[in-house]
Each structure stands twice: as C-alpha cells, then as structure tokens.
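[1] Need coordinates for the following:
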Amino acid sequence: MRRSGGQGIGVSDDEVFEAQRLLIRLEGIYCEPAGAAALAGLRRAVSAHFVQPEATVVCLVTGHGFKDPESIAQAAAPFPAELIEEDALEGRLLDVLAR
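    Residues are numbered from 1 along each chain as shown. Below is the predicted model of the structure:
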C-alpha cells in the first residue's frame with residue numbers, strides 16, 4: 001500500500017452505520033455493515049482532505065443486507081414499508097400518480 005502511494009483510514013462503527021443508512025436512502029443499496037465500510041472511509045478521507053470532493057472514486061460494496069438482518073432493520077427503520085395487497089395495488093398506484 002505504501003509503495004504505491006496508498007493510504008488506509010480507520011473508521012468507527014457509527015461511521016459505518018451512517019454510511020449504510022446513506023447507501024439505503026440515497027442509492028437503494030441494501031448492504032451489510034462491512035459493505036458500507038469503503039464509503040465510510042471515503043467520507044472520512046474527503047473530510048480530511050486526502051481525497052478531493054470532485055474526484056472520481058469507486059467504492060466496492062460487498063455483502064448484501066441479508067447477512068446482518070439486525071443492522072439492516074435499524075438502518076431501514078426510518079423508511080417503513082407498507083404491504084399492499086394485490087387487489088389494492090392498482091388503486092394505490094393510481095392514487096400516487098394522481099398526486
């Protein structure tokens with residue numbers, strides 16, 4: 001890592017969980033906490049000016065949310081889902097489109 005000019009950045013659990021919530025809210029990506037660690041590190045690297053905000057960066061998100069159902073339930077709690085029965089679906093869709 002050092003020979004190639006790379007750098008490692010440690011992040012807290014809170015930063016990882018915040019990144020997980022951001023991925024759910026902004027991108028619709030349903031990942032386990034470890035999958036959000038790269039984004040948490042990038043956010044810290046940007047705030048520490050190691051990475052410029054306008055830089056093109058790729059974060060690999062590994063591990064789907066089904067691996068850690070407890071953390072994903074906490075992260076998704078602000079975005080409750082409602083079960084819509086099949087016979088009510090058409091009416092609900094028309095209501096949403098009419099708004």
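
[2] how about low-confidence regions in the protein?
    Scanning the chain for pLDDT under 70 picks out no residues.

[3] Tell me who's in contact with the most centrally placed residue in it.
    Compute the mean C-alpha point of the chain, and by CA atoms, centre = their mean the closest residue is L23, 1.8 Å away. Residues in contact with L23 (CB atoms under 8 Å, 6 or more residues apart in numbering) are I29, Y30, C31, G35, A36, L39, V61. The C-beta positions use only the backbone N, C-alpha and C, and glycine is treated the same way.

[4] list the buried ones in the longest helix belonging to the chain?
    Identified as the longest helix of the chain according to DSSP state H is helix 33-47. Going by neighbour count (16 or more other CB atoms under 10 Å), the buried part of helix 33-47 is P33, G35, A36, A37, A38, L39, A40, G41, L42, R43, R44, A45.

[5] wait, which of the contacts of L23 is closest to E90?
    Taking CB to CB as the measure, Y30 is the one of the contacts of L23 closest to E90, at 26.8 Å.
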